[in-house]
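Enquirer: coords below, sequence missing:
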């Protein structure tokens, strides 16, 4: 029963996991970046499922570009992580609360 | 061969950016001024091209994924103007600080290119790519000045929140694709009302609200505004907001007109939340940048009033006018901070402005105009912005919302006049007059005078905004 | 029939790996679980006859991005102890609640939608041309603009990453030969009156 | 003929005004002599002109003039203007006012010789004359009210003339406020007149007098009488007159004896066409007048300050005049007003010259036997005293006996009570007058050797006005009684209802009141010349009554301890509790504090932790989703 | 010749010149420029008075230019019986303020004079505007110069007072904006005169009345929202206090006459007892509160609240009067009394504030206990202050009396007890004014600072003579002032009596 709705539900759950990854993670920033990857993966699965069930290639092209962007984002994210580590000495999310109020 | 005429400004911009990267490579920062003048020339050039293309009929190219219509051109023109001011203000600031000079200009120009594309995107893929193109460089810009301890943290927060928001927006777009079968905006707008569409609408609205910095999704605004160097905050608070207007018009007005009642309801909630939180949280702030951050959240709330009033009550024109006047005011406010801290010392606290009237009366007067305009006091453009937004809300019989908005405006006016109080009523620590280079005073005076003159004769500006819809 | 089993297997694998990514403490382990998740996703995509993208995912993503992650995790040599998160137990149910709520909403929306694409969705008959050719024809005709923009985007990513991480103040004492060559008399000679 | 009369009245009124302004504004430029000569000239002009007008009106039987000078204001169909009503009543009043003012001006030259506020003093008294003349000559209520408050203002300035003296300041403020209480009633009266008759002009109002329903007329008359009580110091509002003695003696003579205090009487006489139609008003006037006459007279018995004695005697004489008004014997009241003006001014000025001689010593217990040193003052004081006590040849006899006779015939409620008061008053008056006479001029000298050295008769400039006043005190009664009272002296200006008419007969020597008067003199002679210790013994036996009299029936105590602290307490509580606490603190600053508290809460929302931000965002997303999907309201 | 525009924009031009030319080194330059500007503007008032026809109620000196055609907002000016006298008052008061600042202000003189010239043009604009948005623009623009002048040149805790003043007025005027927008949504025009004929249901009228009430009650100030005035007065510089007392309070009353009565007649008819109650509270309660004051300026501030209570009483009594007496003519007096009271209160309390300002510049204290026996050292000043104190206490012959007299008389026509309450002001006004006068001027010289006082110089004498002419002029001959109002008052009465409920 490989139906469209099943795929959507799997993608939704994966999306939820990605979001939960950001919310419940109190410690390292890398986990945040990975959760973002998870979210993008969920969206891609969603799109591919739609394009498969509507035999319209546009969705897959969209996924193609999303992958490119995800890569670019990951690059910048890790660069910022390096800067953060260099200035702050730690990548602990809890330590990033000097800007508040 | 797709029609490249509508893309002329973008092409010009991209080629100029590459040219700037190459010149920087050759000059190896011997003559730093060249990059600045090149960037200003790029903006000026694009302005000329867009102005030339303004009167052309509505053309779509690249198989309806890129559209050139008066709205897009107008938004682009305002992006150029605000960026021109951003560069003009932050030139000294950037050269004083130890940050890669050329990269600052290049990344900003890339972000502007992204905004130009975003504003005239007519296909979800182009829209999303343009959105990413406009935000990615800003993540880097925020962390560019590695001396400041906060830059990295602000940038990381902005990155994570930004990625999350774009993920949500993507999810919305994918559901929209799923429900309507196409990625093109015009086709989506023809599809009938459907619950899945509403489901997708919420996700998209969250993405837009994040980009604007509206209330429940505003958490990044205060930290990023304070953490980033003031010059970059100046950029963040002006140009991206106009691009976000483009995003909002494309996604809400062009793509989902049929869901107007739904997103009107959501916008009412968002605007009340933003006005309330923005105005109330800003009262006890002592850091000027953080205060202006909260005030930007509040102003977005007012702009949403225009958006939700719909086309019949000329709400969109009022929202557009509000956004242009807000950008002008924000440039004035942060511009002053940039001028004051261009000598190396960071001017952030309200108490740093103490007694500015006796140190430099003209600058203080300009800041006074900007502050009163933000509070919405008549002789300034801010008043007419608020007036027309409220007028359109009253037009659709939401008088209670207009009253609530004004009550928040009064609460909000406290912290603006508090800054005026600090500037005018208190004695400065050092009696030495604040000498500021002429071109920066000229920049500030232009902004101040525009706030005042547009406040006195705003009819041409509002007609411009009306003609676009 | 075999398709459903494979689908069940791969989606279970995908969700399990996803859950492990966010719950495991050690960054290296979570990176590896992410790799597992990607592989499971590839499986799913193959089922959906999007084989080009599936392979791209494995090659580009798992190959490049995940290695970058591992590289960063290694270079920052964070001791796992400092990342230990004691009372994770309270947070996991919160996260699951999130997913459940979201899933529930989606099911509700799907249940009530009338859009033709969702209701009459049926599996695509095997396409005449292979996935790659379809992608290829569309990519350079219909979607030329996004393609160009992606190029620019990657350029931005490179510039941004380099400007952030590489920027070293020119305090290092390396000699710049060309500056020494084309020095002029005025730089060196000062006539004292 | 009319416009010559108007010019004359203008001359009468404007002369003192200009003189006062010139003395006030250019005082130190024109110096002391310049100041007093200009003011005396002004008052003299107005005296001469008023004599001419009296001659025209009384003997040249010129018809009364009622003309408007300029319209002051126009509102709806109401035309407020400034104008003059010159008839027998106002002519008489103008005459008496200008004469007394002239005499006081001359007297002040001597009295205020060594005072540094000399020019200011002269400008004040001539401004006072202007205000009084405006009041007297008014032809509508607006101008009457203008004059009314004008005199109140100048009396305030003059009582508080020596503003370094704390008691003078207190006295002047008290006088003004009590007058203001009276004016409060007076203004309401004018408002009532406007409400019921629709105009403020005397002619129209008096014309409508008969047509108005009785209760309306009563309301008007009672309210107007409250104004009169305030101005002419009737019973409850009389407390300011004794304190007004703080001012220089000339002004006591001018204002607090002859002119200002009589304004109330003049006003009631002028309003006779209204009062006649309300018997209740008349009876209240009668009762208040009579009680005032008796009880203030008794108070004079226990006073030791010579000026206070004369002040209380003025209170009691005013009571007599008001009683006469109550008995609707208006012409008799005015007649007594005129004669009283003469001898009361005489008494005050004589007391003044005693004070000058004793170097501002006012306590009678330190005087005695001054007869030898100041013969002229003694004689004048004696003439005044005799006139006051209604001894036959003198002016007082004619007017006071007529009043007693009129009160007896009064047909209004309470006339019996009033008659007894007035009669006993006739006994009490000579008692306190001769007590004062004997204490100051007879008996043994009770002052120190050093003061004896320089007691001498006052200089000629002081004595001349005394003589000027002594003459009318003697002859005025006889001379004026027939023209004013008997052959319808005031003609049309005073209106008396037929059934209120009184048959007044020439006072005879065998009347009961004369008996009482002579008896009073003899008793005084016994108590203060033959057995000087008796009064002290008497005060021990009736110590309770004595203390009540000392306390002046507790009016002053009531004012000092109940009203003033009460108002001040009310004011402070209103301010501290009402304004500062409730409105300012809780509402205004309270809302400010609430905003700051909310702001702190909003600030905590921005905790700085990334996961809080993400949580807020996702929560926002979920709430929006649930709200828009599940309940599309 | 666009007289009204000239009256509005000439002072702004003067202000700009003063700002450019004025330097703190020699302040006299800017003082002379400011003086010349204000004198020229005063001369401009003469054609306004001459050309003004008191009997016609239509707007005179009309000007009409397109401002923002898209929204139908146009720059239209016009003057009628109510606003002409007030404009002349504004111009005259600013002349006084400029003269008073001659020796009162010596820091940042050019900014001080510029802010008051701008203030004058804004207030004239408010009185002259007949377009609702133009009215609102001037109404709010006035806040800035006042806020700055209280804040920069005020005394000790000026910041609190100026912020409180700003927020109070801004809150009030915000609701005014809502009402204007609502009215526009009803009949698509911003012209005030069109609103007079706009049919409105009673429910709508009550809401509009509430909006107008809060907006104008804050400015009048009526009882519950008045606490900003004493603070603003105690902290404002002398000139600021005069403008605050003479002009700002009139705006609220003007608003009632221009907006509330004609636009929402039925609501005013229904709520007139409530308004009368509030005004009587202002007269009695605030009158008593004034007695308890220890600070001179606060006392005069409270006294001006009490006087303004009369204005609102006068303007809201017309309904009861007409119900009682049945003829419109009787209600004339109450409205005209209110208007005269507005003008005359400006003179008397303006003068007293200047007087206290003179004392403040010499002794730097406003507390009554720091003074005593000032009359000994400053006799001329004491004489002038006596005239103004008497006018404040409402003595006939002075300006203070005229308004109160007319209102108390018409109060009796409405109801006996209202007029008793209103007349009680005679006692309270006399009490607090003269008690303050006694404690400050009479008595022995309290301390050596008072002994060192020197009498007022020439410029102050000119100032006080001008004011005395104003005070005594209106007191002795108010006819020209009343003649200006007859036409408009008649029209206003007919407007507020015809019901607008469809």
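Expert: Cool, got the structure. None of the values given here were measured: they were computed from a predicted structure. Numbering: from 1, shown residues only, chains lettered A, B, ... in the order given.
Enquirer: Run through who's touching stretch B:212-219.
Expert: Residues external to stretch B:212-219 that are found in contact with it (C-beta atoms under 8 Å, 6 or more residues apart in numbering or on different chains): B:161, B:165, B:206, B:209-210, B:220-221, B:241, B:244, B:248, B:270-271, B:273-274, B:276-278, B:296-297, B:300-301, B:303-304, D:606, D:612-613, D:616-617, D:619-620, D:623. For the C-beta atoms, the positions are set from N, CA and C on the backbone; glycine is no exception.
Enquirer: Now list the buried members of the residues you listed.
Expert: The neighbour-count criterion (16 or more other C-beta atoms under 10 Å in any protein chain shown) marks B:161, B:165, B:206, B:209-210, B:220-221, B:241, B:244, B:248, B:270-271, B:273-274, B:276-278, B:296-297, B:300-301, B:303-304, D:606, D:612-613, D:616-617, D:620 among the contacts of stretch B:212-219 as buried.
Enquirer: Does residue B:334 touch residue B:236 like I think?
Expert: No: the pair residue B:334 / residue B:236 is not scored as a contact, 9.1 Å apart, by C-beta atoms under 8 Å.
Enquirer: So those two - more neighbours on which side?
Expert: In terms of neighbours (other C-beta atoms under 10 Å in any protein chain shown), residue B:334 is the more surrounded of residue B:334 and residue B:236; the figures are 28 against 25.
Enquirer: Which helix or strand contains the more buried one?
Expert: In the assignment (DSSP states H and E), residue B:334 maps to helix B:315-340.
Enquirer: pLDDT value on the closest residue in space to residue C:92 that isn't next to it in sequence, please?
Expert: What sits nearest to residue C:92 in space, not counting adjacent residues and going by C-beta to C-beta, 6 or more residues apart in numbering or on different chains, is residue C:23, at 6.1 Å. Per-residue confidence (pLDDT) for residue C:23: 85.
Enquirer: Residue C:23 and residue C:17: what is the separation?
Expert: When C-beta to C-beta, to the nearest Å is applied, the distance between residue C:23 and residue C:17 equals 11 Å.
Enquirer: Also residue D:565?
Expert: For residue D:565, the distance to residue C:17 (C-beta to C-beta) stands at 89 Å.
Enquirer: Quick check on those two: which one has the bigger neighbour count.
Expert: Higher neighbour count among residue D:565 and residue C:17: residue C:17, with 23 against 11, using other C-beta under 10 Å.
Enquirer: A helix includes the more buried one, no?
Expert: Yes: counting by DSSP: H, G, I helix; E, B strand; the rest coil, residue C:17 falls inside a helix.
Enquirer: Report the secondary structure element holding the closest residue to it other than its chain neighbours.
Expert: Leaving aside its chain neighbours, residue C:17 sits nearest to residue C:37 (3.7 Å; criterion: C-beta to C-beta, 6+ apart). If you go by DSSP H and E, residue C:37 is part of helix C:27-47.
Enquirer: looking just at contacts, which helices and strands does that helix meet?
Expert: On a contact count with 3 or more C-beta pairs under 8 Å, 6 or more residues apart in numbering or on different chains; DSSP states H and E, helix C:27-47 meets helix A:29-53, helix C:2-23, helix C:51-56, helix C:67-75.
Enquirer: So for residue E:26, which of those helices sits nearest?
Expert: Proximity to residue E:26 (C-beta to C-beta) singles out helix A:29-53 among the helices and strands packed on helix C:27-47, at 64.1 Å.
Enquirer: Skip ahead from that closest one and say which helix or strand is next.
Expert: As assigned by DSSP H and E, the chain's next helix or strand after helix A:29-53 is helix A:58-88.
Enquirer: Hey, what's the angle from that following helix to helix A:29-53? Just curious.
Expert: Helix A:58-88 and helix A:29-53 are oriented at 180 degrees to each other (axes from the mean of the first three to the mean of the last three C-alpha atoms, to 10 degrees).
Enquirer: so where's chain E uncertain?
Expert: E:1 (pLDDT under 70).
Enquirer: in it, what residue is nearest chain C?
Expert: When scored by C-beta to the nearest C-beta, chain E has residue E:70 as its residue closest to chain C, at 36.4 Å.
Enquirer: Does that residue touch residue B:463 like I think?
Expert: Yes: in this structure, residue E:70 is within contact of residue B:463 by C-beta under 8 Å, at 5.6 Å.
Enquirer: Need the residues that contact stretch E:472-480.
Expert: Applying C-beta under 8 Å, 6+ apart, the set of residues contacting stretch E:472-480 is D:70-74, E:340, E:343-344, E:347, E:387, E:391, E:396-402, E:481.
Enquirer: Let me see the contact set for residue D:239.
Expert: Residue D:239 neighbours (C-beta under 8 Å, 6+ apart): D:174, D:178, D:552, D:555-556, D:559.
Enquirer: Skipping its backbone neighbours, what lies nearest it in space?
Expert: With C-beta to C-beta, 6+ apart as the criterion, residue D:239 has its nearest non-adjacent residue at 5.0 Å, and that residue is residue D:555.
Enquirer: Doesn't the one you found lie inside a helix?
Expert: Yes: going by three-state DSSP, the assignment for residue D:555 places it inside a helix.
Enquirer: Let me see the contact set for it.
Expert: In this structure, residue D:555 makes contact with D:236, D:238-239, judged by C-beta under 8 Å, 6+ apart.
Enquirer: Closest one of the residues you listed to residue E:333?
Expert: Using C-beta to C-beta, the contacts of residue D:555 come closest to residue E:333 at residue D:236, 31.9 Å.
Enquirer: which ones are touching that closest one?
Expert: In this structure, residue D:236 makes contact with D:229, D:555, judged by C-beta under 8 Å, 6+ apart.
Enquirer: Residue C:117 too?
Expert: Applying C-beta under 8 Å, 6+ apart, one finds that residue C:117 lies in contact with A:50, A:53-54, B:178-181.
Enquirer: mind checking pLDDT for it?
Expert: With respect to pLDDT, residue C:117 has a value of 74.
Enquirer: Helix or strand for it, just tell me which one.
Expert: Under DSSP H and E, the secondary-structure element containing residue C:117 is helix C:116-119.
Enquirer: what packs against the helix holding residue B:334?
Expert: Contact partners of helix B:315-340 among helices and strands, from 3+ C-beta pairs under 8 Å, 6+ apart: helix B:70-96, helix B:230-248, helix B:288-309, helix B:361-375, helix B:381-395, helix B:438-456, helix B:459-468.
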